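>>> Build me a structure from this.
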Amino acid sequence: MASFTERMVPVLVLWLAVCLAETWAVDRGNFKTCDQSAFCKRQRALKPGESPYRALLETMELTNTRLTLQLINDNNKVRLLLELYRLQGNITRVKINELKPLKPRYEVPDVLIREPPTEPLSLLSQDENGVVLSLGSESQRVIISARPFRLDIMEGSDVLMSLNSRGLLTFEHLRMRKDTFSYKVTSTVASVWDNIKRVFSSQADPEAEKKEEADPANQAETTKEEEEKVEDGMWEETFKSHSDSKPNGPSAISLDFSLPGVEHVYGIPEHADTLRLKTTENGDPYRLYNLDVFQYELYNPMALYGAVPVMLAHNTQRTTGIFWLNAAETWVDISSNTAGKTVFGKMLDYVQGSSETPQTDVRWISESGIIDVFLMLGPTPKDVFSQYASLTGTQSFPPLASLGYHQCRWNYNDQEDVQSVDAGFDEHDIPYDFIWLDIEHTDGKRYFTWDPHKFATPKEMLQGLMDKKRKLVAIVDPHIKVDSNYKIHNEIRSKGFYIKNKDGGDYEGWCWPGSASYPDFFRADMRAWWASMFAYDQYEGSMENMYTWNDMNEPSVFNGPEVTMHKDTVHGAWEHRDVHNLYGFYVQMATAEGLIQRSGGIERPFVLTRAFFAGSQRYGAVWTGDNAAEWDHLKISIPMCLSLGLVGISFCGADVGGFFKSPSTELLVRWYQTGAYQPFFRAHAHLDTPRREPWLFGPENTALIREAVRQRYTLLPYWYQQFYHAHRTGEPIMRPLIQLFRKGRHVLKLSVPLMFFNSAAGRDLLVHPVTEEGARGVTAYLPGKDTVWFDIHTFQKHNGAQNLYIPVTMSSIPVFQRGGSIIPRKVRVRRSSTCMEHDPYTLYVALNLQRTAEGELYIDDGHTFNYEKKEFIHRRLSFAKNILSSVNLAPDAQFTTRSWIERVVILGASKPSKVTLQTADGQDSQLEFDFDASMSVLTLRKPGMNAGADWTVMLQRLLNLYKHLS
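Numbers count the residues shown, from 1 in each chain. Modelled structure (predicted):
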């Protein structure tokens, strides 16, 4: 029998978590502001002005692949090394580090998929004021100014981007604390040694001392540093009851970027805020520091669970990007010369002929590491996505089933509960693919285990799901219960794989199991061991239809500073402050690798993570964390996922219904309708909320939820195709209208408030979910002056470039298909996506004003990596001159399908006199059709061709037939 203490630990931990949750919902004081973060306060106190840094042009070295140049701070004489690279794909890389650091500074590994390939740099001109370098094309060049140091990237006469134009470059060099015994000893020995060297060198060569003093490379060494002011927080920092020792002292870095002609910037998730980033002059900067935030507040720059240090700048002429590769705590300040101006004020400027060019200024501030920044020069949004993907990779290609509906709560009680919920979906004819188990399924929060009473026969439960072609996700968190009877803990401890505290012992903190230690995922051998634990013979009770959820991996430490790990814990040679934002990235990486390895490298993994960083898209899905059952949380899920998509992480969703609190039936229905059109579609709920399976709110609401979920399943072929495209190109799946119609000023300006509502799934569907309580209508902006849009439910045609008022009822999900597109659907919805594998397709052909359309159809086995071996079908579907055809886009690929084309629906059509199908073998046959003249919709029934075959459908009109006969 467990001891009283052991039995009480989970109760105490749950009580602590509940208390924290209640506090965090109303008290932001548990998390730092910039003024409470010593390095942010210190750096932000520096105001724009002339930079103390100048470039030492005599130190410049230019090779075929890079430029190096020393910078010197005239205040303290510390030298930096600037490296400049021109990379393939219109990217410029700038690195700045100490020339001679006291010890190595952290440079982020593993995020880049490879060392970026370079292209030649060439010198155009040089004088005492600076140098000019070519970036390949005649019009694109880099100008490095010497005094003060400044870097400008230009195209023709236009400045695309400037670095240190406001003089805010800062690089706090590593140093020894002057009031310590070791510093005094070291300084004395160094001084004596310098004198000895000077004596002997002058005896050997009387001119040597003069030469050494004259050498500019040594001037910084021989010039006494100015006395630097010691400020609070430089060598030790306290927040609440937590103390952070800083053995290396201050180590912050900062650099400013100016973006002429830019008013709109986006990205740097994760924040619960608008899509367009706001200026921060009158408040805190945006913070990037992975934290466990219960029931987060909306519309502020507080840090959340993930951090992607990528920003996009956009105007009607150009899109550019800044990728700040640093894993330490980071703050981002944004200012603009148009901030605060009303629409009337901007119009007045225009009328009065104001010549002021809009400009946005951005300043990045990180606690440690080096400056390593990639300037992605576009010029289009598609180019920037491609450039970023070339650096950090693309969205992983998930199993098709993971694009279906996921049912989750904290927690399903036992195996019988799982079976009951599973049966409830069948009883109410609602499809789903995954059911989820939260932390209570384990044996006392010991991950990789099962509760021996509630989940005594997990394989039996999994087999029952497999028989219905369904799957399960079980949670595996990275905090490990300290328990000598727990195999996982004993192995990690014996191998020395735990993160160490500053004194060298295993770091311990409190989390769900009580006292827990944290594996050091920064070690490759630790990650390999972790991956091996997912093998079927190691993870007892697991099967091939079981996948993984990594939660709490910021990492979350209930009794730690800001509910996370102390910054002075140690990962080998590095402090946690250097690497913090990478922890969740490595947890998901190791978990995904484990799921791949268990199948012998055959099966694609599915891993959901809460914490993430740049590059996390390569390993699975993310969600927006612990939201609440409130209308504003429903609304904010849209810009949150849009922001993630802009920086490469397309597989995003929010907890349908809200994690905390209980939604009204109206809110729940509207959330299902919204979630059905977001890439990751999962309902989830807190332990203390009433059960909310879709059938518990009355027959009418069950029917509404059923319809929303079924719409998701009919469009799975399109979703899967979009993920394949994202995997190949890096383009987002859920897209803001500014990406699709970037040259429209109205779209650019309107997107700021309306991105809460308008988004496009791929490029062919525009979705405007209802997110207002009691709404009787919504106004959607349909972009594109020469574009038409078709309501996918009614087939009503609407012109683009207009605000369209749409009356809505509780069953309404306003969705429009772009004229000029072809979208495949599967309209026979079954209990899971796998059950629909061989079902036929319906093609929806929406004609544009030129009466043409095109689309694609992608098919593979839906779950293995065999697509990498060219085992897939990829077809181009096109309609022009009254001919609809299917052509092979991958003639070197081999795959067969039993699916066929059951129906073709052509929107915006004219009535033909005859419809003829011609197959690849030359056989012709006439097809039956219906024509709805009131809606101009032509339906071809049961054409019957195989989805993977070549075929042509010809529409003959009476006029064409008469011409042929004459």
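
>>> Nearest to the spatial middle of this structure, which residue is it?
Ile649 (3.2 Å; C-alpha atoms, centre = their mean).

>>> ok now do the closest residue in space to that residue that isn't next to it in sequence, which residues does it touch?
Nearest residue to Ile649, sequence neighbours excluded (C-beta to C-beta, 6 or more residues apart in numbering): Gln617, at 4.6 Å. C-beta here means a position set from N, CA and C on the backbone, and glycine is covered the same way. Shown in contact with Gln617 (C-beta atoms under 8 Å, 6 or more residues apart in numbering): Thr392, Gly393, Thr394, Gln395, Ser396, Gly648, Ile649, Ser650, Phe651.

>>> try it again with 6 Å
Contacts for Gln617 (C-beta atoms under 6 Å, 6 or more residues apart in numbering) come out as Gln395, Gly648, Ile649.

>>> Tell me the one of those nearest Ile499?
When those are compared for distance to Ile499, the smallest value, 25.7 Å, is given by Ile649; criterion: C-beta to C-beta.

>>> Tell me, how many residues neighbour Val587?
Using other C-beta atoms under 10 Å, Val587 is surrounded by 30 other residues.

>>> Verify the stated contact: it with Asp551.
No. Val587 is not in contact with Asp551 according to C-beta atoms under 6 Å; the separation is 9.8 Å.

>>> Touching both of these two, which residues are there?
Contact criterion C-beta under 6 Å, 6+ apart; no residue bridges Val587 and Asp551 by contacting each.

>>> related to what we said a few turns ago, Gly584 versus the residue nearest to the centre of the chain, what's the distance?
Ile649 sits 12 Å away from Gly584 when distances are taken as C-beta to C-beta, to the nearest Å.

>>> Bridged to Gln70, which residues?
Leu56, Leu81 (DSSP bridges).

>>> Can you name the residues that contact it?
Taking C-beta under 6 Å, 6+ apart as the contact definition, Gln70 lies against Leu56, Thr59, Arg79.

>>> which residues sit in contact with the second one?
Right, the one you point to is Thr59. Contacts of Thr59 (C-beta under 6 Å, 6+ apart): Gln70.

>>> In three-state terms, label it for me.
strand (DSSP: H, G, I helix; E, B strand; the rest coil).

>>> secondary structure element for Glu231?
Taking DSSP states H and E as the criterion, Glu231 maps to no regular element, lying outside all helices and strands.

>>> how about the nearest residue to it once chain neighbours are set aside, phi and psi?
When the adjacent residues along the chain are set aside, Glu231 lies closest to Arg42, with 6.1 Å between them (C-beta to C-beta, 6+ apart). As for Arg42, its main-chain torsions (degrees, to the nearest 10) stand at phi -60, psi -50.

>>> likewise Leu644?
In terms of degrees, to the nearest 10, the main-chain angles of Leu644 are phi -60, psi -40.

>>> try Ala909
On the backbone of Ala909 - angles per degrees, to the nearest 10 - the values are phi -90, psi 170.

>>> Which residue is the nearest non-sequential neighbour of it?
Leu938 (3.8 Å).

>>> Who is that neighbour paired with across the strands?
Residues in beta-bridge contact with Leu938 (DSSP bridges): Ile906, Phe931.

>>> cool, and Thr609?
Following DSSP bridges, Thr609 is listed with bridge partners Asn550, Val622.

>>> That one and Asp433, how far apart?
19 Å.

>>> Same check on Phe448?
Phe448 is 23 Å from Asp433, where distance means C-beta to C-beta.

>>> Comparing these two, which shows the higher neighbour count?
Neighbours were counted for Phe448 and for Asp433 using other C-beta under 10 Å; Asp433 has more, 25 against 20.

>>> mind checking how far the more buried one is from Gln419?
Relative to Gln419, Asp433 is positioned 16 Å away (C-beta to C-beta).

>>> Equivalent analysis for Ser650, please.
Taking C-beta to C-beta, one finds Ser650 at 33 Å from Gln419.

>>> Have a look at these two and say which one is more surrounded.
Taking Ser650 and Gln419 together and counting by other C-beta under 10 Å, Ser650 has the greater number of neighbours (29 against 16).

>>> That one reaches Ala726, doesn't it?
Yes. Taking C-beta under 6 Å as the contact criterion, Ser650 and Ala726 are neighbours in contact, 4.9 Å apart.

>>> what residues do those two have in common as contacts?
Among the neighbours of Ser650, those also in contact with Ala726 (C-beta under 6 Å, 6+ apart) are Gln395, Ile733.

>>> what's the distance between Trp235 and Ile792?
Distance of Trp235 to Ile792, computed by C-beta to C-beta: 62 Å.

>>> now do Arg710
When C-beta to C-beta is applied, the distance between Arg710 and Ile792 equals 13 Å.

>>> more crowded one of these two?
Neighbour count, other C-beta under 10 Å: between Arg710 and Ile792, Ile792 has more, with 23 against 17.

>>> what about the closest residue to that one other than its chain neighbours, how many neighbours?
Here the nearest residue to Ile792 in space, its sequence neighbours aside, is Val815; by C-beta to C-beta, 6+ apart that works out to 4.8 Å. With neighbours defined by other C-beta under 10 Å, the count for Val815 comes to 22.

>>> in the sheet, who's paired with Val815?
For Val815, the beta-bridge partners are Val767 (DSSP bridges).

>>> Pretty sure it sits against His768.
No. Using C-beta under 6 Å, Val815 makes no contact with His768, being 7.7 Å away.

>>> which residue ranges form the strands in the stretch 201-350 of the chain?
236-239, 242-245, 253-260, 264-267, 286-288, 310-314, 319-324, 330-336 (DSSP state E, counting those that start in this stretch).

>>> Would you tell me which of the ones you listed gets closest to Cys34?
Nearest of these to Cys34, taken as C-beta to C-beta: strand 330-336 at 6.0 Å.

>>> That closest one: how far from the chain's middle?
Going by C-alpha atoms, centre = their mean, to the nearest Å, the spacing between the C-alpha centre of strand 330-336 and its chain's C-alpha centre is 19 Å.

>>> Remind me what that strand packs against, helices and strands.
Packed against strand 330-336, as judged by 3 or more C-beta pairs under 6 Å, 6 or more residues apart in numbering; DSSP states H and E, are the following elements: strand 286-288, strand 359-366.

>>> Select, out of the ones you listed, the one closest to Asp655.
strand 286-288 (22.5 Å).

>>> List the contacts of the closest one.
By C-beta under 6 Å, 6+ apart, strand 286-288 touches Ile268, Pro301, Ala303, Ala307, Pro309, Thr330, Trp331, Val332.
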